[in-house]
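# sharing a model that was predicted from the sequence below.
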Amino acid sequence: MIIDLRQLFDVIGDHKRIDYKLDLSEYTLDQNKPFPHPVHVVGEITNQVGIVTLQMTVSTLANFVCDRCLDEFQVDYEEEFEHIIVRKLTGQNDDYIVAENARLDLDELVLNDVALSLPTKILCKEDCKGLCCNCGANLNITECKCGEFQ
Ligand SMILES: [Zn+2]
Ligand SMILES: [Zn+2]
């Protein structure tokens with residue numbers, strides 16, 4: 001979704017609600033597709049004393065694969081993001097989002113935010129015991145006999 005921010009940049013106090021669904025089902029993380037369902041983006045863009053800020057919450061039912069035991073599990077994904085949006089970069093603040101010609105590509109921004117928010121290590125639970133490196137048994141479910149002979 002492209003959002004036209006021309007009016008918002010010009011009118012102090014103006015705001016725009018965001019409420020839409022974005023398909024990220026093709027997004028791939030370690031060969032898995034964690035977002036089979038559309039992500040729900042709800043938020044607001046406001047012009048407060050000339051500073052345009054975007055606040056949004058992205059939520060969906062995500063499908064992760066545990067890095068340790070390779071089990072697939074579902075998680076209620078919900079993250080909040082906030083950005084300052086400018087028409088042009090002035091100075092060196094790389095944290096600002098540039099809306100060229102006052103048009104903001106929200107899909108791209110949501111995708112970037114979501115990708116950066118994902119943990120580098122995904123575990124089904126904090127103390128996941130993983131797979132036995134010898135026989136491949138899922139040690140959360142079963143105790144294999146490998147340890148006994150070593
Ligand atoms: Zn696990
Ligand atoms: Zn084993």
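Alright, I've got the coordinates. These numbers were taken from a predicted model, which means no experiment stands behind them. Ligands and ions are numbered 1, 2, ... in the order given.
# what helix or strand is the most centrally placed residue in the chain located in?
The centre of the chain sits closest to Val114, judged by C-alpha atoms, centre = their mean, with a distance of 1.6 Å. Here Val114 sits within helix 106-117, counting by DSSP states H and E.
# in this protein, which spans are helices?
6-10, 106-117 (DSSP state H).
# can I get the first one in PDB, CA atoms only?
Right, the one you point to is helix 6-10. Output of helix 6-10 as PDB, limited to C-alpha atoms (Å, rounded to 0.1, in the frame of the first residue of the first chain):
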ATOM      1  CA  ARG A   6       1.200  15.400   1.000                       C
ATOM      2  CA  GLN A   7      -1.600  16.700   3.100                       C
ATOM      3  CA  LEU A   8      -0.200  15.200   6.300                       C
ATOM      4  CA  PHE A   9       3.200  16.900   5.800                       C
ATOM      5  CA  ASP A  10       1.500  20.300   5.300                       C
END
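# just how off-centre is that helix within its chain?
27 Å (C-alpha atoms, centre = their mean, to the nearest Å).
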